[in-house]
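1. Sequence and predicted structure below; questions after.
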Amino acid sequence: MNVRRSAAALAASAVLCAGAAPVALADTPPPAPSAPPVIPSGLFGKADPSYDGVWRQSLALLAQQTVGEKPAPQAVDWLTGQQCANGGFTSFRADAAKGCDATTMFDTNATAVAVQALKALGGKDAQVKKAADWLKSVQNEDGGWAYVPGSPSEGSSTSLVISALAVAGEKPAEVKSKAGKSAYDGLLAFQLGCSAEPAADRGAFGYQPADGKLPANADATAAAVLAGLGKGALVEPATTDTPTAALACPAGATDPAGAAQAAAAYLAEALKKDGHLTAVTPGADQPTPDTGNTADAVIALAAAGHRQAASGALEWLKNNSASWSNRNPAALATLVLTAHATGTDPKSFGGVDLVAALNATGPAPQQPDAEAQKVENKEDETTGSGGQNLWWIIGAGAAAGMGIGILLSGRRKKNEL
């Protein structure tokens, strides 16, 4: 998921630069470096939040809620305070008191993940509806979405928005553009299909066409699995598991669910080689492990009912994700969600307590009220299972006392004879 944010940041930069004319000022000194950003007290993480503030906050809150933690009020308030009046979110607003306007750089990815977090937190129906309505309002004519509204659609953002709409209670098949294209029309346009060449790409989804071709993209593919299944990042552990051998790219998989299974087959095959996904980073001669997309792939396979196919990558993450996730709230939250989807204990993930590590990057979650806990404990003593045990002991003691009394009474009577 962090890879998606990197792509989003590049997209934002490209859009901003596209509107800026080059200026030749040979004698003008370079601008002074900007001051480091002030990190709000309610925000998770200490890194510059300019491109991922809402993203990492949303994932952190979603992960905390998933494992039964009650997020700190200031953390929730920070997120809700980032929402613009029209329902959309930007990547980060340093001054949330300043209203959003025509110059605001809206972020469909941030909005989509905020929808999932707010829905999970509960009690935020108004904010969820406004955000979902905004997402629908910026749908492109082809049925898809871009990171920056008004830009060409791409596979990752389209998938992420569809997941958010599904979580919000919308029916993606009925969310249509002015041209009559549904959200799923927009999604399926990015699938390579089961007859694609090379064969290794069959079932995959792409990000955007390049030079007239649509290359397979692991990030877009993992996101498309969730979108096609109508699920978000929070995936409940499956009760059944399809054997790895049964995974295949089904011919003619043109419906969303079938396309999702085809995408899952692609991910399962891609994970077989090294036990993880790889990516070529700038300046590197060889592909390097792609930890973020590997975690996304595990979640996607679990959502599709293929935990066995993800088991090797899950073990690889347990042993190799520590440096990637160190003090990184978005990465830690993603691993918590990975653990949840696979039925793994997030407090013992490769020897790491992911929950404690995540909590340490932001406002501490709420602790149970001490007085309320005392009342609850007292009620348990008298009315709960503990109370039942107490009364059983009292009753048993009384019965035993009666037995001893009868025995002593009998002895006295015997002595009196």
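-> Noted; the coordinates are in hand. None of these values were measured; they are calculated from a predicted model. Numbers count the residues shown, from 1 in each chain.
2. which residue packs closest to residue 49, ignoring adjacent ones?
-> Of all residues not flanking residue 49 in the chain, residue 92 sits nearest, at 4.6 Å (Cβ to Cβ, 6 or more residues apart in numbering). To be clear about C-beta, it is placed using only N, CA and C from the backbone, and glycine gets the same treatment.
3. And for residue 156?
-> Counting by Cβ to Cβ, 6+ apart, the nearest residue to residue 156 once its immediate chain neighbours are dropped is residue 220, at 4.6 Å.
4. and the one you found, how many neighbours?
-> Counted with other Cβ atoms under 10 Å, the neighbours of residue 220 add up to 30.
5. Please apply the same query to residue 99.
-> By the measure other Cβ under 10 Å, the count of residues near residue 99 is 10.
6. ditto for residue 224
-> Residue 224, neighbours per other Cβ under 10 Å, totals 35.
7. Does it touch residue 190 like I think?
-> Yes: contact criterion Cβ atoms under 8 Å: residue 224 and residue 190 qualify, at 7.0 Å.
8. Identify the contacts common to these two.
-> Residues touching both residue 224 and residue 190 (Cβ atoms under 8 Å, 6 or more residues apart in numbering) are 155, 205.
9. Check which residues of stretch 81-90 are buried.
-> For stretch 81-90, a neighbour-count test (16 or more other Cβ atoms under 10 Å) marks 82, 83, 84, 87, 88, 89, 90 as buried.
10. Same question for stretch 267-285.
-> Result for stretch 267-285 [16+ other Cβ under 10 Å]: buried residues 267, 268, 269, 270, 271, 275, 276, 277, 278, 279.
11. quick one: which of those is nearest residue 313?
-> Distance to residue 313, by Cβ to Cβ, is smallest for residue 271 among these, at 4.8 Å.
12. Distance from the helix or strand containing that closest one to the middle of the chain?
-> In this assignment (DSSP states H and E), residue 271 forms part of helix 256-272. Relative to its parent chain, helix 256-272 has a centroid offset of 19 Å by Cα atoms, centre = their mean, to the nearest Å.
13. before we move on, what about stretch 277-289?
-> The answer for stretch 277-289 is 24 Å, by Cα atoms, centre = their mean.
14. again with stretch 337-348
-> Centre-to-centre, stretch 337-348 and its host chain are 13 Å apart (Cα atoms, centre = their mean).
15. cool, and stretch 150-160?
-> On Cα atoms, centre = their mean, the centre of stretch 150-160 falls 18 Å from that of its chain.
16. likewise stretch 303-317?
-> For stretch 303-317, the distance from its own C-alpha centre to the chain's C-alpha centre is 17 Å (Cα atoms, centre = their mean).
17. Any chance you could list what contacts it?
-> Stretch 303-317 is contacted by residues 225-226, 229, 231, 235, 237-238, 240-244, 247, 260-261, 264, 267-268, 271-272, 275-277, 291, 294-295, 297-298, 301-302, 335, 338, 341-344, 349-350 when judged by Cβ under 8 Å, 6+ apart.
18. do the same with stretch 79-89
-> Under Cβ under 8 Å, 6+ apart, the answer for stretch 79-89 is 53-54, 57-58, 61, 90, 92-93, 96, 99-100, 104, 106-107, 110-111, 114, 117-118, 124, 127, 129-135, 137-138.
19. next one: stretch 178-186
-> By Cβ under 8 Å, 6+ apart, stretch 178-186 touches 139-145, 153, 158, 161-162, 165, 172-177, 228, 256.
20. contacting residues around the spatially closest residue to residue 247 that is not a sequence neighbour?
-> Closest residue to residue 247 apart from its sequence neighbours, by Cβ to Cβ, 6+ apart: residue 265 at 4.5 Å. Residues near residue 265 by Cβ under 8 Å, 6+ apart: 202, 203, 247, 248, 249.
21. got the contact list for the fourth one?
-> Think residue 248. Residues near residue 248 by Cβ under 8 Å, 6+ apart: residue 265.
22. what about it, is that helix, strand or coil?
-> Three-state assignment for residue 248 (DSSP: H, G, I helix; E, B strand; the rest coil): coil.
23. Need the per-residue pLDDT for it.
-> We have a pLDDT of 74 for residue 248.
24. ok, back up a step: so which of the contacts of stretch 303-317 are in helices?
-> 225-226, 260-261, 264, 267-268, 271-272, 291, 294-295, 297-298, 301-302, 335, 338, 341 (DSSP state H).
25. Show me how to select, in ChimeraX, the buried members of those.
-> In ChimeraX, a selection of the buried entries from the ones in helices among the contacts of stretch 303-317 looks like this (16+ other Cβ under 10 Å):
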select :225,226,260,261,264,267,268,271,291,294,295,297,298,301,302,335,338,341
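26. Export the buried residues of stretch 267-285 as a markdown table, with columns for distance to residue 196 and pLDDT.
-> Shown next, in a markdown table, are those (distance: Cβ to Cβ, whole Å; pLDDT from 0 to 100):
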| residue | distance to residue 196 | pLDDT |
| --- | --- | --- |
| 267 | 15 | 95 |
| 268 | 16 | 94 |
| 269 | 13 | 93 |
| 270 | 14 | 95 |
| 271 | 19 | 95 |
| 275 | 24 | 95 |
| 276 | 23 | 97 |
| 277 | 18 | 97 |
| 278 | 20 | 94 |
| 279 | 20 | 91 |
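27. Take those residues and write them to a markdown table, including distance to residue 356.
-> What follows is these, written out as a markdown table (distance: Cβ to Cβ, whole Å):
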| residue | distance to residue 356 |
| --- | --- |
| 267 | 30 |
| 268 | 32 |
| 269 | 35 |
| 270 | 32 |
| 271 | 28 |
| 275 | 27 |
| 276 | 25 |
| 277 | 27 |
| 278 | 30 |
| 279 | 29 |
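28. now, the most widely separated pair of those residues?
-> With Cβ to Cβ as the measure, no two of the buried residues of stretch 267-285 lie farther apart than 268 and 279, at 18.0 Å.
29. Tell me which stretches of the stretch 51-200 of the chain form helices.
-> Using DSSP state H, counting those that start in this stretch, the helices assigned to the stretch 51-200 of the chain run over residues 53-66, 73-81, 108-121, 125-137, 155-167, 183-188.
30. Can you name every helix or strand that the third one contacts?
-> For helix 108-121, the helices and strands in contact under the criterion 3 or more Cβ pairs under 8 Å, 6 or more residues apart in numbering; DSSP states H and E are helix 2-18, helix 53-66, helix 73-81, helix 125-137, helix 155-167.
31. and the ones you listed, which one is worst for confidence?
-> The bottom spot among these, by mean pLDDT, belongs to helix 2-18, with a mean of 51.
32. What is the end-to-end distance of stretch 117-131?
-> One end of stretch 117-131 to the other measures 12 Å (Cα to Cα, to the nearest Å).
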